[in-house]
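Participant: Here you go, sequence then predicted model.
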Amino acid sequence: LSDALLEGATAALDEAGAAPTRYRILELSGELRARQEAEVAREVPHLASRVQWLDALPDRFSGCVVANEVLDSMPTHVVAWRPEGVMERGIVVADDRFGWEERPAAPALAAAAAELPVTAPLISEINLAARAWTAEWGWRLDQGALLLIDYGLPRREFYHPQRDGGTVRCHYRHRSHGDPFWYPGLSDITAHVEFTSVAEAGYAAGLSVLGYTSQANFLMNCGIAEKLAQRQAAGGEGAYRAMGAAQVLLAPNEMGELFKVIALGRGIGEPLLGFRRGDRLAAL
């Protein structure tokens, strides 16, 4: 979780009278963990005793797992479907420069590629780590839900022939580019999430797929419009900031459509509010 999301989520739950008895954060970065600890101590000090930082997934868990832009940060395989077979693309050094080189895909990757509706030629990605991470929760979750928020697409859009070249993007100082060899080690390299495989991995591990929709639909279903109206009625500079932030979260040309929300869980008896309207499960 980002510092802002961490502070905002804990404060909002507390305001609604629904603060969790325990709030566990899996954060492997020592720097980010220190920032999060400082944020909690400063903004919600009365909840600090409930927050626990983890170094690994819990063996058993009941509750809600929120993963915001987690799946896209996991390492993914870049795959090329060629007439001679499925190839994995790796990085080599030639003439003192980084470049791509292909070799036959390893058995696990080749098996995953064989299940996809892809015809050669096409370059795209297969994220085995995201599938494995999701499946792990199938063995660990006793009751509750995974709420996964990320930018991505369902399978038929992800592997569309017009998307040849894949979805790997790099970010350096707020500039987005497509060359992972430009400023290596300094650019943040990510790839879109293929949500159909995430849903399949969770389902195969015993979880139910509870909903899938755009971030805009999810937030509208959860009452963001009503919250904004309350801010506007209160007036002041905070109202203008809230409207600007909501525009980024909801607009189709911003995060509203690019980001998706998928929920998987076990032991949830009622439909989740965020998917009440505009559920796109059929698109998976």
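Facilitator: That came in fine, so what should we check first?
Participant: Next, count neighbours for the residue lying closest to Gly211 once chain neighbours are set aside.
Facilitator: Here the nearest residue to Gly211 in space, its sequence neighbours aside, is Phe275; by C-beta to C-beta, 6 or more residues apart in numbering that works out to 3.0 Å. The C-beta positions use only the backbone N, C-alpha and C, and glycine is treated the same way. By the measure other C-beta atoms under 10 Å, the count of residues near Phe275 is 21.
Participant: go on, Gly138?
Facilitator: For Gly138, the number of neighbouring residues by other C-beta under 10 Å comes to 17.
Participant: What pLDDT is listed against it?
Facilitator: We note a pLDDT of 95 for Gly138 in this prediction.
Participant: and what of Ser2?
Facilitator: The model reports Ser2 with a pLDDT of 58.
Participant: Ok, Leu228 next?
Facilitator: Listed pLDDT for Leu228 reads 88.
Participant: Next up, the contacts around it.
Facilitator: Taking C-beta atoms under 8 Å, 6 or more residues apart in numbering as the contact definition, Leu228 lies against Ala242, Met243, Ala246.
Participant: do the same with Asn221
Facilitator: Thr213, Leu273, Gly274, Phe275, Arg276, Arg277, Gly278.
Participant: what's the answer for Val93, then?
Facilitator: Val93 neighbours (C-beta under 8 Å, 6+ apart): Gly99.
Participant: What's the first helix or strand after whatever helix or strand Ala246 lives in?
Facilitator: Remark: Ala246 resides in helix 237-250, with elements defined by DSSP states H and E. Towards the C-terminus, the helix or strand next in line after helix 237-250, according to DSSP H and E, is strand 259-266.
Participant: got the contact list for that next one?
Facilitator: 134, 137, 141-153, 193, 195, 198-199, 202-203, 206-215, 218, 272, 274-275.
Participant: quick one, that strand and helix 237-250 angle?
Facilitator: Following axes from the mean of the first three to the mean of the last three C-alpha atoms, to 10 degrees, one obtains 80 degrees for the angle between strand 259-266 and helix 237-250.
Participant: Measure how far strand 259-266 is from the centre of its chain, please.
Facilitator: Here strand 259-266 is found 10 Å from its chain centre; the criterion is C-alpha atoms, centre = their mean, to the nearest Å.
Participant: That strand: partners in the sheet, and parallel or antiparallel?
Facilitator: Take DSSP bridges as the rule and strand 259-266 pairs in its sheet with strand 141-153 (antiparallel), strand 208-214 (antiparallel).
Participant: What mean pLDDT does stretch 10-27 get?
Facilitator: Mean per-residue pLDDT for stretch 10-27: 83.
Participant: Need the residues that contact it.
Facilitator: Contacts to stretch 10-27, defined as C-beta under 8 Å, 6+ apart, come from residues 1, 6, 33, 36, 40, 43-44, 46-47, 50-58, 63.
Participant: Just the buried residues from these, in PyMOL please.
Facilitator: The buried subset of the contacts of stretch 10-27, as determined by 16 or more other C-beta atoms under 10 Å, is captured in PyMOL by this line:
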select buried, resi 1+6+33+36+40+43+44+47+50+51+63
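Participant: Helices - which of the contacts of stretch 10-27 land there?
Facilitator: When DSSP state H defines the helices, the subset of the contacts of stretch 10-27 inside them is Leu6, Arg33, Gln36, Val40, Glu43.
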